[in-house]
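Peer 1: Sequence and predicted structure below; questions after.
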Amino acid sequence: MQEAGSKTIVAGLLLALLALGLVLVPVAAAEDTIKIGGIFAVTGRASFLGDPEKKSMELFAEMVNAAGGIDGMKVETVIYDTEADPTKAVSFANRLINQDKVVAIVGPSTTPTSMAVIPIVEKAKIPFISCAAGNKITNPVKPYVFKTAQSDVLAVKSIYVYMEKHGIKKVGILCVDNGFGQSGREQLKEQASAHGITVVADETFGAKDTDMVSQLTKIRGAKPDAIICWGTNPGPAIVAKNAQVMKIGIPLYMSHGVASPKFIELAGDAAEGIILPAGPIAVADLLPEGNPQKPVLLDYIKRFNEKYGSGVSGFGGYAWDGMKILDRAIPGTGQDKKKIRDNIENIKGLVGVSGTFNFSPEEHNGLGDDSFVMVRIQNGTWALVD
Amino acid sequence: MQEFLQYLFSGITNGAIYAVIALGFSTLYSATDLINFAQGEFVMLGALLLMTLWTQVSMPLWAAFPLAVLLVAAVGMVFDRVAIKTVKKPSPILLVLITVGASILFRGGAMLLWGKHSYSVPAFSSISAVEIGGAYLFPQSLWILGVVLVLVAGLNLFYHRTLTGKAMQAVAINKQAAELLGVASRKMTLLAWGLAAGLGAVAGVIISPITMSAYDMGTMLGLKGFCAAMLGGLGNFWGAVVGGVLLGLTEAMGVGYVSSSLKDAIAFLLLLLILYAKPTGILGKASSHRF
């Protein structure tokens, strides 16, 4: 009786605390679970990244738990929404480390939030797998920081290798005026000479601009062999439409930022003929049999669609791959963070959604050239080109 | 020459859009002395409603266009009744802050209704672009220019030839005197809100085939429209048109002959210079306190 009474009191106290908002995360017994933290931009302007990432992370944990967990322990995910705000990302990272006592963190979704979190995870010495694309996250290498998203270095390389093969010597570039565009612009200018390509026009547009005719006119005046537009929706769709109406007559290339069916929907028939690097997930069905990534991609797409109906994208794959890496690195470490980190660094040939990961002490992104394939938009869908 | 013409066409098209948004600012300002920072959101609502009515409900364009505009005008009027009229002690700064809050509310509501992604609608007419001296004039640009001219002419007729229009001006000039003469000032204010919101919606409708429509498109357009209205002289209709076209042309020429990364900087620099030289705008009256 007495025991039941004290239980009621404890429960009452917990309820009171909950009501006060002091206990935000259910306090589970820490011994029999492996806690992994996730911080994603689930809502807000980068929700197109964070929402599928959160879903993919939960999906992976479910899959692992259904198969018996890691080392016989269930995986528990603790996920917070950063709204793509660096300040929030920092406070949630602190909460994951100090309050939730997670063994590793996956996310955040964007480069600025990732950069803000890095000093904290480095200080706390906790394995951190970012889902953002920025090259500077893992360059220079920081001991506890890894990332799963392809960086624009590889995207630019894929385009230039393709152009070199097809005799394109002069390009005009048109980049969106934000972090994504600036980073792409730097890489486009930096890598050009290595492939015998000259950038003859360098223009930008605002992310909310409604008309890019002037920029395209100026680029056309420089007579490039091709135009590369670097941005995320909707800007590039407007560029494609403008180029079509003004009959620009110069091949248009785009970045992996528009490698989604949404772009084709927005640009309509103006998208026809545009060439871009895409994560292999966009063309999973088209990959040749025997490609090691094909079964991994099809499995991920099937699982995601079964659970959530639609919305599968390469973005969710970043978190999926992050979990896959941890699933490989955690067993046998007894949740020792240093050992997990060492294990990640030794992973070789892990086939994920974004590509094949080969980590080393000098390489914390681990992706190679297979993380992008060149595609052309044809009849409203993707076609492989080479 | 070919380049110059292309910049010119692009600048005039964008300028016409800014002009319609500026007209919305001016209409409301001249009737109520209020600057409505939710004007850009009316543009967004117009664009998204057109998309819904035209491409999702499959209404014909001739019906979807006016219906979208009327719906947004109704939103504007309801907003006036619910949020502006009910203020006990209306001070200008308080009302302006209410419109800022409303813009956030409209944006949030649109995000819930239409989601976070962009939508595209086809051009109003499927004819191909007109070539003039090597530059291409978009058919949608012709639509935009046509609609703007009709609007300005219509507004002029309304203000100078109809009793309601004259009554509205009377309220703007001196509210108490107008009331003494039997003008129902509340009705005029309500009408001004409907007119301003409707004008915003027209801008949204005619640009949606060129730009994409999304819940967050209004902020930047509202700001540009505000600049255009300030440039031309707030409250002056021809001023709104002159300001809009000047802003559009400066942007286009700035991109063409200076640098695309300085596009907005050039436009805002122009605004600062003009306001420094003539604080009431190009066509604004000499004193900001009329009469």
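Peer 2: Yep, it's here. Numbers count the residues shown, from 1 in each chain, chains lettered A, B, ... in the order given.
Peer 1: Let me know how buried residue A:67 is, in neighbour terms.
Peer 2: For residue A:67, the neighbour count with other Cβ atoms under 10 Å in any protein chain shown is 9. C-beta: built from backbone N, CA, C; applies to glycine.
Peer 1: what about it, distance to residue A:75?
Peer 2: Using Cβ to Cβ, to the nearest Å, residue A:67 is found at 10 Å from residue A:75.
Peer 1: Which secondary structure state does residue A:168 sit in?
Peer 2: Using DSSP: H, G, I helix; E, B strand; the rest coil, the structure places residue A:168 in coil.
Peer 1: Name all residues that make contact with it.
Peer 2: If you count contacts by Cβ atoms under 8 Å, 6 or more residues apart in numbering or on different chains, residue A:168 has them with A:197, A:225-226, A:251.
Peer 1: Most neighbours among these, which one is it?
Peer 2: Most surrounded of those: other Cβ under 10 Å gives residue A:197, at 22 neighbours.
Peer 1: for residue A:96, helix, strand, or coil?
Peer 2: helix.
Peer 1: doesn't residue A:105 make contact with it?
Peer 2: Yes. The pair residue A:96 and residue A:105 passes the contact test of Cβ atoms under 8 Å, sitting 5.8 Å apart.
Peer 1: which residues do these two both contact?
Peer 2: Common neighbours of residue A:96 and residue A:105 (Cβ under 8 Å, 6+ apart) are A:37, A:39.
Peer 1: Thought residue A:277 was touching residue A:255, still the case?
Peer 2: Yes. Between residue A:255 and residue A:277 a contact is recorded at 7.2 Å, counting by Cβ under 8 Å.
Peer 1: Mutual contacts of the two, please.
Peer 2: residue A:155.
Peer 1: how deep is residue 68 tucked in, by neighbour count?
Peer 2: The chain I'm using is chain A. Residue A:68, neighbours per other Cβ under 10 Å, totals 10.
Peer 1: that's the other chain; I wanted chain B
Peer 2: 27.
Peer 1: swap in the one 3 residues further on?
Peer 2: By other Cβ under 10 Å, the residues close to residue B:71 number 19.
Peer 1: what's the answer for residue B:229, then?
Peer 2: With other Cβ under 10 Å as criterion, residue B:229 counts 31.
Peer 1: go on, residue A:198?
Peer 2: 11.
Peer 1: What does it show for phi and psi?
Peer 2: Backbone geometry at residue A:198, expressed as degrees, to the nearest 10, gives phi -110, psi 140.
Peer 1: Leaving out chain neighbours, which residue sits closest to residue A:246?
Peer 2: Closest residue in space to residue A:246, ignoring its immediate chain neighbours: residue B:136 at 4.4 Å, by Cβ to Cβ, 6 or more residues apart in numbering or on different chains.
Peer 1: Output stretch B:234-245 as CSV - backbone C-alpha positions only.
Peer 2: The C-alpha coordinates for stretch B:234-245 follow below in CSV (Å, rounded to 0.1, in the frame of the first residue of the first chain):
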residue,chain,number,x,y,z
LEU,B,234,3.1,58.5,-51.8
GLY,B,235,-0.6,59.1,-52.5
ASN,B,236,-0.1,60.2,-56.1
PHE,B,237,-1.3,57.8,-58.8
TRP,B,238,0.9,58.8,-61.7
GLY,B,239,3.7,59.0,-59.1
ALA,B,240,3.2,55.3,-58.3
VAL,B,241,3.4,54.5,-62.0
VAL,B,242,6.5,56.7,-62.6
GLY,B,243,8.1,55.4,-59.4
GLY,B,244,7.4,51.7,-60.3
VAL,B,245,8.8,52.0,-63.9
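Peer 1: contact partners of it?
Peer 2: B:11-12, B:15-23, B:25-26, B:29-30, B:35, B:148, B:152, B:155-156, B:159, B:172, B:225, B:227-233, B:280-285.
Peer 1: I'd like the mean pLDDT over it, please.
Peer 2: Stretch B:234-245 shows an average pLDDT of 88 in the prediction.
Peer 1: okay, and for the chain, where does confidence drop off?
Peer 2: I went with chain A, as the question did not name one. Applying pLDDT under 70 to chain A flags residues A:1-31.
Peer 1: hm, I was asking about chain B
Peer 2: Residues of chain B that meet the criterion pLDDT under 70 lie in B:285-291.
Peer 1: Which positions in stretch B:174-194 come out as buried?
Peer 2: Buried residues in stretch B:174-194, counted by 16 or more other Cβ atoms under 10 Å in any protein chain shown: B:175, B:178, B:183, B:185, B:188-194.
Peer 1: tell me the helices in the chain, going along the chain?
Peer 2: You didn't pick a chain, so chain A it is. A:2-20, A:47-66, A:86-98, A:111-124, A:152-165, A:179-191, A:213-221, A:235-245, A:261-267, A:293-308, A:314-329, A:337-345 (DSSP state H).
Peer 1: I was thinking of chain B, sorry if that wasn't clear
Peer 2: In chain B, the helices defined using DSSP H lie at B:2-32, B:39-51, B:61-79, B:92-114, B:139-161, B:163-173, B:175-180, B:185-207, B:218-232, B:237-253, B:263-277.
Peer 1: Okay then, goodbye and thanks.
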